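J.: Task: produce atomic coordinates for the following.
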Amino acid sequence: MRDRILAPSMLSADFGHLADDTKMIDRSAAQWIHIDVMDGVFVPNISFGFPVLKAIKAASDKFCDVHLMIVEPEKYVERFAKAGADLVTFHIEATQDVEGTIELIRKSGAKVGISIKPATQPEVLDSLLDKIDLVLVMSVEPGFGGQSFMPNSVDKVKYLRKAIDERGLNVTIEIDGGVSAANAGMLYEAGCDALVAGSAVFGAPDPKAEIVKILNA
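T.: Below is the predicted model of the structure:
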C-alpha cells in the first residue's frame, strides 16, 4: 500500500491573504505544497516568480513542489531550487535539452520531475524514468485552474505505474487538474502517489477538512 500524498495548489489560494492560506495548508494534513510557475508563453497565463516562492517557503515547512510551465526551463531551474523548491518539475514539451535540464536540477540539490501535457503520450518518458524522481501527468490543459478532469489521463497513470513497478524504480506519479474528493480514490487506486488539488481545496467551506476527505477518499 503506497502512501497517499496531497499537494494543494497555491494557484487557487487567495493572493490577498497568501501568507494566511499558506499557514493554513502548513497546519493541515497535506504533505506537500504545490506552486505553479507560468510564463505567459508556454501557457497563456502568468503566475508566481521567485519572490512569491520565497515568501511561501518562509511561511511553510511543507515539501515544496514547484511545477514550471515555462519555455526553456533550463535557464531557471537552479534559481528555483535556490529559492526553496524541494522538487522542480519541468515540461518535456518546453525544452530541447531534457537530459541537460534533469542534470541541472539534480546538481542544484532538488528532486527532479517531468510533466506531460494531455496531448503527450507517456511512452515518451520510457527512457527517462530511471533518471527522475517524479512524473506529473496533466489531467487538464496547463495554465488555468478550475478545469474539468480529462478521464483519459487515468490510462496514462496506469501505463506509468506498470512501467515503474516492472523496473523496480522509485518514481512518484503525480496528477494535476480537476482533482477532487469525487475522483481522488479512483486516482490513488489507478496508481497515483500524489494528487494536486486547487479549487477543490481552497473553494471548500473548510479546506482543512476537505484535504482529509481527499486523502481518505
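J.: Can you give me the buried ones in the lengthiest helix in the chain?
T.: Of all the elements of type helix in the chain, the one with the most residues (DSSP state H) is helix 153-166. For helix 153-166, burial by neighbour count (16 or more other C-beta atoms under 10 Å) applies to 153-154, 156-157, 159-161, 163-164. Every residue, glycine included, has its C-beta placed from N, CA and C.
J.: Tell me where the chain has helices.
T.: Under DSSP H, the chain gives helices at 18-26, 50-59, 77-82, 98-108, 153-166, 181-190, 199-202, 207-215.
J.: nearest to Met38, of those?
T.: Across the helices of the chain, Met38 has its closest neighbour in helix 50-59 (11.8 Å, C-beta to C-beta).
J.: and that closest one, average pLDDT?
T.: What helix 50-59 shows for mean pLDDT is 88.
J.: let's have the chain start at 69 instead
T.: Understood, numbering begins at 69; the last thing we discussed is helix 118-127.
J.: Enumerate the positions of it that are buried.
T.: For helix 118-127, a neighbour-count test (16+ other C-beta under 10 Å) marks 120-121, 123-125, 127 as buried.
J.: So which helix or strand of the chain has the lowest pLDDT on average?
T.: Least confident helix or strand, the chain: helix 118-127 with a mean of 88, by mean pLDDT, DSSP states H and E.
J.: Check what contacts it and list those residues.
T.: Contacts with helix 118-127, where a contact means C-beta atoms under 8 Å, 6 or more residues apart in numbering, come from 78, 86-87, 90-91, 94, 101, 103, 105, 116, 132, 134, 147-148, 151-153.
J.: Likewise for stretch 250-259?
T.: 70, 72, 217, 222, 225-226, 228-230, 241, 243, 247, 263, 265, 282-283, 285.
J.: Lowest average pLDDT across the helices of the chain?
T.: The bottom spot among the helices of the chain, by mean pLDDT, belongs to helix 118-127, with a mean of 88.
J.: could you dump that one to CSV, C-alpha only?
T.: Coordinates of each C-alpha in helix 118-127 appear next as CSV, following Å, rounded to 0.1, in the frame of the first residue of the first chain:
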residue,chain,number,x,y,z
PHE,A,118,11.0,33.8,-7.3
PRO,A,119,9.9,36.3,-4.7
VAL,A,120,6.5,34.6,-4.2
LEU,A,121,8.1,31.2,-3.9
LYS,A,122,10.5,32.6,-1.2
ALA,A,123,7.5,34.0,0.7
ILE,A,124,5.5,30.8,0.5
LYS,A,125,8.6,28.8,1.6
ALA,A,126,9.1,31.1,4.6
ALA,A,127,5.5,30.5,5.7
